[in-house]
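> predicted model and sequence below, questions to follow.
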Amino acid sequence: MTRALLLRALTKKKKLVPPNAHRSISIITNLSRCISTLILAEHESGSIKPQTVSTVVAANQLGESSSVSLLLAGSGSSLQEAASQAASCHPSVSEVLVADSDRFEYPLAEPWAKLVDFVRQQRGDYSHILASSSSFGKNILPRVAALLDVSPVTDVVKILGPNEFIRPIYAGNALCRVRYTGPGPCVLTIRTTSFPVTPVTESKKATISQIDLSNFKEEFVSRSRYVGQSTQDTERPDLGSARVVVTGGRALKSVENFKLIENLAEKLGGAVGATRAAVDAGYVPNDLQVGQTGKIVAPELYMAFGVSGAIQHLAGIKDSKVIVAVNKDADAPIFQVADYGLVGDLFEVIPELLEKLPEKK
Ligand SMILES: Cc1cc2nc3c(=O)[nH]c(=O)nc-3n(C[C@H](O)[C@H](O)[C@H](O)COP(=O)(O)OP(=O)(O)OC[C@H]3O[C@@H](n4cnc5c(N)ncnc54)[C@H](O)[C@@H]3O)c2cc1C
C-alpha cells in the first residue's frame with residue numbers, strides 16, 4: 001500500500017469500517033428458570049463506566065426473562081450521581097443498589113467481595129454475578145467466588161445460554177466452550193469488547209435502593225489499606241473504549257520519540273497504546289500496554305507503528321475493526337492481521353501523517 005493510499009484511507013475513516021463490523025451474536029438458550037443477575041458496577045466522577053453498560057448487554061444474553069441489578073459502592077455525592085445515571089443507563093436494568101459508606105471510598109477487593117456476599121444474603125439469591133474483565137472485576141470476582149465456594153468463569157466473550165460460555169485460552173489462539181455445572185451463583189467476568197453497546201431508543205429508569213449497612217461488620221474491611229492511585233492524562237479517551245488507538249512499539253527507541261505516537265493520537269482524537277517491549281523499555285507507563293497481559297482493545301481504527309505483531313500483542317487487538325500497520329520489515333507478522341499495511345520507516349511516515357491529516361475538529 002502506498003503512503004498516499006494510506007493517507008486517503010485515514011482521511012475517510014468512516015469508509016474503513018466494513019459493513020458487517022458490528023457483528024450480531026446469536027444466542028442459543030434453553031432457559032427454564034428465571035435469571036437474576038447482580039452486576040458489580042464501576043463508576044468514576046459521578047458517571048457509570050462504559051464497560052459496566054457492556055456487562056449489562058452481556059447479562060441480557062443470559063436469558064429472556066432476566067432481571068438485572070447493578071451494585072454501586074462508594075461514598076458521597078458522586079456515588080449518588082453515578083447511581084442516578086446507572087438507573088437509566090440501559091432499559092434492562094431493573095434495580096440499582098447503592099452501598100454508601102466511607103469503607104467503599106476506594107475499590108479495595110476485600111471489602112467489595114464481602115459486600116457482594118452481604119448483598120446476596122440480604123437481597124436473595126442471584127443466579128449470576130457479573131463484572132467486567134477490567135482490573136476492578138479481575139481483582140474482586142475471584143474473591144467473591146472463593147467466598148461463595150464456586151468456580152468463576154473468566155473472560156467470557158460469548159454467551160450461549162445461562163450456563164454455557166465461550167472464553168479465549170492460549171493467549172486468544174483458541175476458544176474454549178465452557179459449561180458451568182457447579183452450584184449457584186454462576187460467577188462471570190465479561191470481556192466487554194465482545195459485547196458492544198448498541199443505541200437503544202427505549203428509556204426507562206430503574207429503582208434506586210440504598211443498602212442498609214448497619215450489619216456490615218467492620219472487620220470485613222480491615223485486611224487491606226488504600227495507598228494511592230495515579231491517573232494518567234485524563235484528556236485522552238480511555239484506552240479500553242477508545243474509537244481510535246495509536247500504538248507504538250520498541251522501534252520508537254525513546255520517551256522523546258514516543259511523543260510522535262502521542263501527537264498522532266491527539267490529532268486523531270484517539271488513545272495511546274504501547275507494546276510490552278515499549279513499556280519495559282520505559283517509554284510509557286504500563287497502563288498503556290495492549291495485549292495478553294495488558295489492555296484488550298476493540299477500536300474502530302487500530303494503528304500500530306514499529307510493532308512486530310507478537311501473538312501476545314495480537315491477543316489484545318483482534319477485535320479491532322480496522323488494523324493499520326507501519327513496519328519497515330515486510331515480513332513482520334503484524335502484516336498478517338493488518339487490513340492496511342505500509343512497509344516504511346515510522347520516523348518518516350508519522351511526520352508525514354501529522355502534516356497531511358486534517359486538524360481534529
Ligand atoms: C507471557 C507473556 C506475555 C506478554 N504480554 C504482552 C502484552 O500484553 N503485550 C505486548 O505487546 N507484548 C507482550 N509480550 C511480549 C511479546 O512477546 C513481544 O515481545 C512484544 O510484543 C514485542 O514488542 P514490539 O513489537 O514493540 O518489539 P519487537 O518485537 O522488537 O518489534 C519491533 C518492530 O519494529 C520494527 N521497526 C524497527 N524500526 C522501525 C522503524 N524505524 N519503522 C518501522 N518499523 C520499525 C521492526 O521491524 C520490528 O518488527 C508478552 C510476552 C510474554 C512471554
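Right, received. Where do you want to start?

> check which helix or strand covers Ser84.
Using DSSP states H and E, Ser84 maps to helix 77-87.

> and that helix, how far out from the chain middle?
Relative to its parent chain, helix 77-87 has a centroid offset of 20 Å by CA atoms, centre = their mean, to the nearest Å.

> next: stretch 115-133.
21 Å.

> what's the first helix or strand after the helix holding Ser84?
Counting by DSSP H and E, the next helix or strand C-terminal to helix 77-87 is strand 93-100.

> got the angle for that next one vs helix 77-87?
Using axes from the mean of the first three to the mean of the last three CA atoms, to 10 degrees, the direction of strand 93-100 lies 170 degrees away from that of helix 77-87.

> output the contacting helices and strands for the helix or strand just after strand 93-100.
Downstream of strand 93-100, the first helix or strand assigned by DSSP H and E is helix 109-123. Judged by 3 or more CB pairs under 8 Å, 6 or more residues apart in numbering; DSSP states H and E, helix 109-123 is in contact with strand 36-40, strand 67-74, strand 93-100, helix 135-148. (C-beta placed from N, C-alpha, C; glycine too.)

> list the contacts of helix 109-123.
Residues from elsewhere that reach helix 109-123 (CB atoms under 8 Å, 6 or more residues apart in numbering): 38, 40, 69, 71, 73, 97, 99, 103-104, 126, 129, 139-140, 143-144, 146-148, 185, 211-212, 215-216, 220-221, 223-224.

> filter those residues to the buried ones?
38, 40, 69, 71, 73, 97, 99, 103-104, 126, 129, 139-140, 143-144, 148, 185, 211, 216, 220-221 (16 or more other CB atoms under 10 Å).

> enumerate the residues of the stretch 151-300 of the chain near the ligand.
By the rule CB under 6 Å from any ligand atom, the part of the stretch 151-300 of the chain lying against the ligand is 249-251, 275-278, 289-294.

> how about 5 Å then?
Gly249, Arg250, Ala251, Thr275, Arg276, Ala277, Gly291, Gln292, Thr293, Gly294 (CB under 5 Å from any ligand atom).

> now the first one: how far from Leu354?
When distances are taken as CB to CB, to the nearest Å, Gly249 and Leu354 turn out to be 18 Å apart.

> ok, these two, which is more surrounded?
Taking neighbours as other CB atoms under 10 Å, Gly249 and Leu354 compare with Gly249 leading, 27 against 13.

> show me the domain layout of this structure.
Domain assignment for the chain by automatic domain parsing gives 36-221, 235-356.

> could you work out the end-to-end span of stretch 194-214 for me?
End-to-end distance for stretch 194-214: 39 Å, by CA to CA, to the nearest Å.

> ignore what I typed, I meant stretch 207-217.
26 Å.

> what does stretch 138-157 give?
With CA to CA as the measure, stretch 138-157 spans 15 Å from end to end.

> hmm, who's touching it?
Outside stretch 138-157, the residues that touch it by CB under 8 Å, 6+ apart are 40, 58, 107, 109-110, 112-114, 116-117, 120, 129, 131, 133, 165-168, 175, 178, 180, 182-191, 194.

> and if you look at stretch 161-172?
Contacts of stretch 161-172 (CB under 8 Å, 6+ apart): 27-31, 33, 35, 62-63, 127-128, 153-160, 174-181, 186, 188, 191, 292, 311-312, 314-315, 318.

> out of those, which sit inside strands?
128, 153-156, 158-160, 174-179, 186, 188 (DSSP state E).

> now the two most distant members of those residues.
His128 and Ala174 (24.8 Å; CB to CB).

> compare the two (neighbour count), which wins?
Shown here are His128 and Ala174; by other CB under 10 Å, His128 has more neighbours (23 against 8).

> the bottom helix or strand of this protein by mean pLDDT?
helix 13-16 (a mean of 40; mean pLDDT, DSSP states H and E).
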